[in-house]
Structures are given as C-alpha cells and as structure tokens.
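Undergrad: Okay, predicted coordinates and the sequence, questions at the end:
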Amino acid sequence: SLPVAPPGTGKEGGEGQLPFNSLAQMFEQRVACMHLSPFPPALFYNDYLTSMDTSTYEPDALYRFSAECFAQARFYSQQAKAVDDHLPEHILNDLKQVERVALTNQVALKVVSTATAPSELQVDLDFSVHKVFLVVKAKRK
C-alpha cells in the first residue's frame, strides 16, 4: 500500500489499501489518456521515475529548491487574487488554501532541514487544508 492515499479514494490523510496494484499502475491510469495528445510529448513511467530520482542531489539543494517552489506557489496565488477582485468565491477559497498549504509546508521544511537526525522529528502528512495538495506537519519530538 502507498503511505498516503491520494484524493478521491476516501482514505485521504491516512494509510490504506488503494485501488491500484502498484505505483506504476496508478501512474498509467492517471496519465495514459494524455498519451493521445501530440503535445506535450508523452511521459512514460520509466521517464517519470528518472525525473523523480533525487539521489544525485544533496539534501540542502533539495530543501532550497522546495522552499523556492513553495514561495512561488504563495506568490502566484496572491497575484491571482490581486489581479481580479471579482473571482468566484470557490476560486478565492482554493487560492487561500493553496497559500496556506505553501506556508505550512515552508515551515515544515524549515523544521526538517534543521533537524540533525530523522529520529528527532515527528512528521504527519494529510490533505486537511486542500483536497489535492498535501500538507506536511513536522515538529521536534
């Protein structure tokens, strides 16, 4: 089973058996329909695995890159709200949730990046803030 159930499985935020036999099957079921489109080029599971391999990066570089991504998510979410003050309420709520996810994950990233050993951390993962984007809550034991 996967460590955290993706949205729509009814088991968000917790462990559980998913309706997939493997990560490869989950990937194929979610991405296969896009292979019919001529653009962008099709992404296959082996390419996905290669692109997600972080073994060649130092942890500090990954922390910095992650922090930049969370900062950009917050920035673009704030910009989207500022550009149009007549956005529908559900869009505004979604943008606020994205900002909250990014901020929460930035704080958790700071806690994780300053830890000296994984054993000194308690990390929880959930979809409590947004139905698609995972929130990481990290604190020292």
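TA: Sure, I can see it.
Undergrad: Tell me the secondary structure at the residue of the chain most remote from its centre.
TA: Of all residues in the chain, the one whose C-alpha sits farthest from the chain's mean C-alpha position, using Cα atoms, centre = their mean, is His86 at 28.0 Å. Three-state call for His86 (DSSP: H, G, I helix; E, B strand; the rest coil): coil.
Undergrad: Next, give phi and psi for it.
TA: phi -120, psi 30 (degrees, to the nearest 10).
Undergrad: ok, so what distance separates it from Leu92?
TA: 10 Å (Cβ to Cβ, to the nearest Å). C-beta here means a position set from N, CA and C on the backbone, and glycine is covered the same way.
Undergrad: next one: Lys131
TA: For Lys131, the distance to Leu92 (Cβ to Cβ) stands at 16 Å.
Undergrad: neighbour-wise, which of those two wins?
TA: Leu92 (15 against 11; other Cβ atoms under 10 Å).
Undergrad: and the gap between the nearest residue to that one once chain neighbours are set aside and Arg74?
TA: Using Cβ to Cβ, 6 or more residues apart in numbering and skipping residues adjacent in sequence, the residue nearest Leu92 is Lys81, 6.6 Å away. From Lys81 across to Arg74, the span is 11 Å (Cβ to Cβ).
Undergrad: And for Gln106?
TA: Here the criterion is Cβ to Cβ. By it, Gln106 lies 8 Å from Arg74.
Undergrad: And the lowest-mean-pLDDT helix or strand in the chain, what does it pack against?
TA: Lowest on mean pLDDT, DSSP states H and E among the helices and strands of the chain sits helix 23-31, with a mean of 80. Here helix 23-31 is seen to pack against helix 45-51 when contacts are counted using 3 or more Cβ pairs under 8 Å, 6 or more residues apart in numbering; DSSP states H and E.
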